[in-house]
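S.K.: Return atomic coordinates for the entry below.
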Amino acid sequence: MASPSPLLGPPELRDSNSLQPKPITASGPSDPFMDLMVSNFNNSTRVNNMSFPQMGHTENGSATYLSTGNPCLDFFFHVVPSTPKESIEQRLKVAWEHDALTTLKLICNLRGVRGTGKSDKQGFYTAALWLHGRHPKTLACNLDSLSKFGYFKDFPELLYRILLGFEIRSIQKSKRFHKESRNRGRAPFSGIGGKKRPAATRELRVAKAERWNQEEKAKASLDRKKKKVSLGNEAFIRYSHDPEYRFLHERVSELFADYLKKDVTFLTCGKTNKISLAAKWCPSLDSSFDKATLLCESIARKMFPRESFPEYEGVEEAHYAYRVRDRLRKQVLVPLRKTLQLPEVYMGAKNWETLPYNRVASVAMKKYKEIFLEHDAERFQKYLEDVKSGKTSIAAGALLPHEIINDLDGGDGGQVAELQWKRMVDDLKTKGSLTNCIAISDVSGSMEGTPMEVAIALVQGREKGMALVSGFSKNLLKMFLDNDGEINPMAIMEAAISREEYKNLVVLD
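M.R.: Predicted coordinates for the structure are as follows:
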């Protein structure tokens, strides 16, 4: 592998003097029978020094085991979207010591969408960052396999969180909320100390307002430049002095570059149906991801290396970096995104009248439906009517049943949710109908919240005694029926991580 070209970062960094490297138990008498039984219990290493799994109580006070005796099985069943970060990391540590490859598969199972896993994005980010901190080569060298479980955007997000901290998204969300709250609660200015302002001519008021606007714009522009320099400086130093971060950064940019090269070839050959979504999730130039990670420069250098493009021979390094970044945007991202017909492209250009609603992905449709109604109500309503009549289709594959149910009271009156629900049900029916099945849903007080929403969403049969089930594994239902309803927890876990996507994962450190 060729040694990576050094990153330069934005031009502002080279005009600054701020780029200085920063110093970076007593045992009792033996019982042969008990020793044999305990050693073979669940064929696993014990979680603690007790001979049997520790007992505890459920939320309702009933007796239960606190552990299965198998750390991987505990991780599989206990880690859910509400699990605290510290608990996930502790379970990962124990599970990895027990069986590293199975734990790696379970990390992927957290992220898996479209029937490949639990679709727990935040849990996956916690696990992936834990993996980077303790087994960085295993994370970096499995990126291509990991991309099959989620989306390409996961990898810039991981770099972003490594640089700015795991809680950065929560911090940003909190700041936005407080800013919006202040703006909503701000009273009109009525002078100092409640005194009425003296009258002024209209010309003076306009001139004063314009001067204030110019000052605010200049201040905001300066603040943005300072922030860009600060972010670029941190990314440059981390890349230069942290070999494990640099290795991950290089593998992420290499993954994007490889897919983008193939996609450009497919576009040139007219095989547009083979184009991946790498261009959709590749950071845009000067986006927040790019400013914080310098990823666009790294990708551009791999797309247009000096040795393969004679026009860059003798070009000064800073100018070369600028030119390949611009070329990445013009010759790669723009044409590929146009071909993919991404809704964001049309929305950004305000081309509402040509936006192809039948190409909008399920999550994007759920997110943007009210914006579509606001800006293009007539065409969007016509599209929904066409979906109802079967003339066109609507995507629903990446959504979970309860996520669709939750959106029934949306601003569109639940129209999109109803159609996405029908699409999901129809897709499940095409995979095989269920007959003579009884749906049992636990809606007791301890199920309050997301668990109850999930349970209720799954009990949606059109015929008496029939229900359609969508879980975190495409193998689970078949296994349940093939075994006359008799399955054990270990079999459930093994089935959930037995699909083709899991077979290329490798543990390297």
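S.K.: Now do the contacts for residue 87.
M.R.: Listed by CB atoms under 8 Å, 6 or more residues apart in numbering, the contact partners of residue 87 are 78-79. Backbone N, C-alpha and C define where each C-beta goes, glycine included.
S.K.: what about it, distance to residue 291?
M.R.: Distance, residue 87 to residue 291, using CB to CB, to the nearest Å: 33 Å.
S.K.: Buried residues, whichever strand or helix holds residue 211. List them.
M.R.: Assessed by DSSP states H and E, residue 211 sits inside helix 202-241. Buried positions in helix 202-241, judged by neighbour count with 16 or more other CB atoms under 10 Å: 228-233, 235-240.
S.K.: Reformat those residues into JSON lines and put pLDDT next to each item.
M.R.: Below are those laid out as JSON lines (pLDDT from 0 to 100):
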{"residue": "228", "pLDDT": "87"}
{"residue": "229", "pLDDT": "87"}
{"residue": "230", "pLDDT": "89"}
{"residue": "231", "pLDDT": "89"}
{"residue": "232", "pLDDT": "88"}
{"residue": "233", "pLDDT": "91"}
{"residue": "235", "pLDDT": "92"}
{"residue": "236", "pLDDT": "93"}
{"residue": "237", "pLDDT": "95"}
{"residue": "238", "pLDDT": "95"}
{"residue": "239", "pLDDT": "95"}
{"residue": "240", "pLDDT": "95"}
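S.K.: Not including adjacent chain positions, what is the nearest residue to residue 312?
M.R.: Nearest residue to residue 312, sequence neighbours excluded (CB to CB, 6 or more residues apart in numbering): residue 306, at 4.8 Å.
S.K.: Extract the CA atoms of the host helix or strand of residue 319 and return them as PDB.
M.R.: Using DSSP H and E, residue 319 sits in helix 317-327. Extracted in PDB, the C-alpha atoms of helix 317-327 (Å, rounded to 0.1, in the frame of the first residue of the first chain):
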ATOM      1  CA  GLU A 317       1.000  21.400  -3.300                       C
ATOM      2  CA  ALA A 318      -1.600  23.900  -2.000                       C
ATOM      3  CA  HIS A 319      -2.800  24.600  -5.500                       C
ATOM      4  CA  TYR A 320      -3.000  20.900  -6.300                       C
ATOM      5  CA  ALA A 321      -5.100  20.300  -3.200                       C
ATOM      6  CA  TYR A 322      -7.500  23.100  -4.200                       C
ATOM      7  CA  ARG A 323      -7.800  21.800  -7.800                       C
ATOM      8  CA  VAL A 324      -8.500  18.200  -7.000                       C
ATOM      9  CA  ARG A 325     -11.100  19.200  -4.400                       C
ATOM     10  CA  ASP A 326     -12.900  21.300  -6.900                       C
ATOM     11  CA  ARG A 327     -12.600  18.500  -9.500                       C
END
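S.K.: State the phi and psi torsions of residue 166.
M.R.: As for residue 166, its main-chain torsions (degrees, to the nearest 10) stand at phi -60, psi -30.
S.K.: That one and residue 127 touch, don't they?
M.R.: No: the pair residue 166 / residue 127 is not scored as a contact, 11.5 Å apart, by CB atoms under 8 Å.
S.K.: Let me know the secondary structure of the closest residue in space to residue 277 that isn't next to it in sequence.
M.R.: Distance criterion CB to CB, 6+ apart; nearest residue to residue 277, sequence neighbours excluded, is residue 152 at 6.3 Å. Three-state assignment for residue 152 (DSSP: H, G, I helix; E, B strand; the rest coil): coil.
S.K.: Which is the succeeding secondary structure element to the helix or strand bottoming out on mean pLDDT in the chain?
M.R.: Least confident helix or strand, the chain: helix 32-39 with a mean of 52, by mean pLDDT, DSSP states H and E. Going down the chain from helix 32-39, the next helix or strand is strand 55-57, by DSSP H and E.
S.K.: Quick one: distance of whichever helix or strand comes after that next one to the chain centre.
M.R.: Per DSSP H and E, the first helix or strand lying C-terminal to strand 55-57 is strand 63-65. Computed by CA atoms, centre = their mean, to the nearest Å, the chain-centroid distance of strand 63-65 equals 35 Å.
S.K.: buried ones in stretch 376-387?
M.R.: Of the residues in stretch 376-387, those buried (16+ other CB under 10 Å) are 376, 380, 383-384, 387.
S.K.: Revised request: answer the last question for stretch 244-260.
M.R.: For stretch 244-260, by 16+ other CB under 10 Å, it's 245-257, 259-260.
S.K.: now, which of those residues lie within helices?
M.R.: Residues of the buried residues of stretch 244-260 located in helices (DSSP state H): 245-257, 259-260.
S.K.: So which of those residues is the closest to residue 117?
M.R.: Closest approach to residue 117 among those (CB to CB): residue 255, at 19.9 Å.
S.K.: Quick check: the closest residue to the closest one other than its chain neighbours vs residue 504, distance?
M.R.: Nearest non-adjacent residue to residue 255, counting by CB to CB, 6+ apart: residue 143, 5.1 Å away. Plainly put, residue 143 is 11 Å away from residue 504 if you go by CB to CB.
S.K.: Between these two, tell me which one has more neighbours.
M.R.: Comparing residue 143 with residue 504 by other CB atoms under 10 Å, the one with more neighbours is residue 143, at 18 against 11.
S.K.: how near is that one to residue 254?
M.R.: Residue 143 sits 8 Å away from residue 254, going by CB to CB.
S.K.: Name all residues that make contact with the nearest residue to residue 111 once chain neighbours are set aside.
M.R.: Sequence neighbours aside, residue 124 is the residue nearest to residue 111 in space, at 3.7 Å (criterion: CB to CB, 6+ apart). Taking CB under 8 Å, 6+ apart as the contact definition, residue 124 lies against 107-108, 110-111, 149-150, 154.
S.K.: Which of these fall in helices?
M.R.: Using DSSP H, these in helices are 107-108, 110-111, 154.
S.K.: Between these, which sits nearest residue 371?
M.R.: Distance to residue 371 across the ones in helices among the contacts of residue 124 (CB to CB) is lowest for residue 154, with 24.7 Å.
S.K.: Which secondary structure elements does the helix holding residue 319 sit against?
M.R.: Counting by 3 or more CB pairs under 8 Å, 6 or more residues apart in numbering; DSSP states H and E, the packing neighbours recorded for helix 317-327 are helix 11-14, helix 295-303.
S.K.: which of those helices is buried the deepest?
M.R.: helix 295-303 (a mean of 24; mean count of other CB atoms under 10 Å).
S.K.: List the contacts of that one.
M.R.: By CB under 8 Å, 6+ apart, helix 295-303 touches 4-5, 7-9, 156, 159, 249-250, 252-254, 256-257, 260-261, 282-285, 289-290, 321, 324-325, 327-328, 332.
S.K.: Quick one: buried ones out of those residues?
M.R.: The neighbour count (16+ other CB under 10 Å) marks 4-5, 7-9, 156, 159, 249-250, 252-254, 256-257, 260, 282-283, 289-290, 321, 324-325, 328, 332 as buried among those.
S.K.: In stretch 328-338, which residues are buried?
M.R.: Residues of stretch 328-338 classed as buried: 328-329, 332-333, 336-337 (neighbour count, 16+ other CB under 10 Å).
S.K.: Dump those into a markdown table; add secondary structure as well.
M.R.: Below are the buried residues of stretch 328-338 laid out as a markdown table (three-state DSSP):
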| residue | secondary structure |
| --- | --- |
| 328 | helix |
| 329 | helix |
| 332 | helix |
| 333 | helix |
| 336 | helix |
| 337 | helix |
